[in-house]
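**Student:** I would like to see how this sequence folds:
(one chain, ligands or ions: 1)
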Amino acid sequence: MASSREQRWSLKGMTALVTGGTRGIGYSIVEELAGFGATIHTCSRNQKEIDERLEEWKGKGYNVSGSVCDLLVKEQREDLMKIVSSIFDGKLNILINNAGITLIKDASEHTTEDYTFIMGMNFQSPFHLSQLSHPLLKASGDASVVFISSVSGVTALPSMSVYAASKGAINQLTKNLACEWAKDNIRTNTVAPWGVNTTILNNVRSLQSLRNTLTISFLKFQTLTLAFSHFSNYI
Ligand SMILES: NC(=O)c1ccc[n+]([C@@H]2O[C@H](COP(=O)([O-])OP(=O)(O)OC[C@H]3O[C@@H](n4cnc5c(N)ncnc54)[C@H](OP(=O)(O)O)[C@@H]3O)[C@@H](O)[C@H]2O)c1
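**Tutor:** The predicted structure is shown next:
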């Protein structure tokens with residue numbers, strides 16, 4: 001018989017979409033949610049990496065599917081949601097808007113392309129995905145949206161102006177969606193991590209010395225707590 005802890009901390013019967021689940025923070029979130037019994041769909045741009053992860057998760061007894069999607073492309077986001085709707089029968093309990101990119105550069109050096117890329121990936125894409133998910137989240141009757149923003153979205157860090165602005169925009173969006181969608185039984189929250197040792201830091205030389213001191217466990221705890229939580233705490 002399941003213990004009261006297992007009953008209380010269970011996501012059995014819940015469905016989740018975790019963007020960018022093949023590596024880093026998204027990978028850990030998939031593992032954590034799947035470990036609590038959720039059925040998950042994830043996406044990234046790399047079919048080979050998706051296949052490897054799915055095989056690994058199958059071996060652990062996790063119920064995870066995955067498909068290729070470049071989240072920067074509107075049509076691919078729409079196709080992703082059609083897949084999710086089809087495999088989850090039009091209902092989604094948890095949307096984790098995790099996938100994102102970073103750019104460390106002085107403000108005066110940012111190009112128009114840098115701006116479009118960062119805002120497209122870190123703000124436009126999760127916003128549009130949330131919009132597309134709304135009917136499915138509402139249909140589930142008990143839903144939670146969790147964005148992964150960043151500490152840089154609430155405090156000024158060097159050479160992160162546009163990245164920080166994209167994450168600050170997510171923080172504010174979180175508050176607006178939490179108010180707008182509460183009536184549909186959809187909670188909306190954000191986890192704002194400090195540095196986490198993942199592949200996103202591969203190209204950020206100034207952060208290399210920090211890498212070994214970084215940990216993912218507290219972050220996993222935060223994200224999971226928000227996915228379970230019956231409140232909107234925002235950030
Ligand atoms: N790591 C940190 O220090 C840190 C700190 C604060 C906030 N964050 C935030 O946490 C989130 C996750 O970061 P992370 O460090 O785990 O990054 P990561 O290790 O680089 O992993 C990113 C994941 O997103 C996928 N992805 C990237 N671009 C994509 C696209 N255009 N379409 C679909 N999937 C895409 C990647 O797969 P493919 O590349 O194969 O597509 C990968 O699965 C991001 O929003 C980031 O801004 C990270």
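**Student:** which residues touch the closest residue to Asp184 other than its chain neighbours?
**Tutor:** Nearest residue to Asp184, sequence neighbours excluded (C-beta to C-beta, 6 or more residues apart in numbering): Lys138, at 4.4 Å. No exception for glycine: its C-beta is placed from N, CA and C like everyone else's. Lys138 makes contact with Trp181, Asp184, Asn185, Ile186, according to C-beta atoms under 8 Å, 6 or more residues apart in numbering.
**Student:** and the residues you listed, which are buried?
**Tutor:** In those, burial by neighbour count holds for Trp181, Ile186, counting by 16 or more other C-beta atoms under 10 Å.
**Student:** which ones among the contacts of Lys138 map onto strands?
**Tutor:** Those of those mapping onto strands are Ile186, per DSSP state E.
**Student:** and the furthest pair within the contacts of Lys138?
**Tutor:** The most widely separated members of those, counting by C-beta to C-beta, are Trp181 and Asn185 (8.3 Å).
**Student:** only the buried residues of the lengthiest helix in the chain, if you could.
**Tutor:** Criterion DSSP state H: the longest helix present in the chain is helix 161-181. For helix 161-181, burial by neighbour count (16+ other C-beta under 10 Å) applies to 161-171, 173-174, 177-178, 181.
**Student:** how about the helix or strand containing Phe127 and the ligand, any contact?
**Tutor:** Secondary-structure element containing Phe127, defined by DSSP states H and E: helix 125-140. No - shown here: helix 125-140 not in contact with the ligand (C-beta under 6 Å from any ligand atom), separated by at least 7.4 Å.
**Student:** ok, stretch 160-178 next?
**Tutor:** No - legend: contact between stretch 160-178 and the ligand by C-beta under 6 Å from any ligand atom is lacking; minimum distance shown is 6.8 Å.
**Student:** for that stretch, the averaged confidence score.
**Tutor:** For stretch 160-178, mean pLDDT rounds to 97.
**Student:** how about that stretch as CSV, C-alpha atoms only?
**Tutor:** In CSV, the C-alpha atoms belonging to stretch 160-178 read as follows (Å, rounded to 0.1, in the frame of the first residue of the first chain):
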residue,chain,number,x,y,z
MET,A,160,23.4,40.6,-19.6
SER,A,161,21.1,43.5,-20.6
VAL,A,162,18.9,41.9,-23.2
TYR,A,163,19.0,38.4,-21.6
ALA,A,164,18.0,40.0,-18.3
ALA,A,165,15.2,42.0,-20.0
SER,A,166,13.8,38.8,-21.6
LYS,A,167,13.8,37.1,-18.2
GLY,A,168,12.4,40.2,-16.5
ALA,A,169,9.6,40.1,-19.0
ILE,A,170,8.9,36.5,-18.1
ASN,A,171,8.7,37.5,-14.4
GLN,A,172,6.1,40.1,-15.2
LEU,A,173,4.2,37.8,-17.6
THR,A,174,4.0,35.2,-14.8
LYS,A,175,2.1,37.7,-12.6
ASN,A,176,-0.3,38.6,-15.3
LEU,A,177,-1.1,35.0,-16.4
ALA,A,178,-1.4,34.0,-12.7
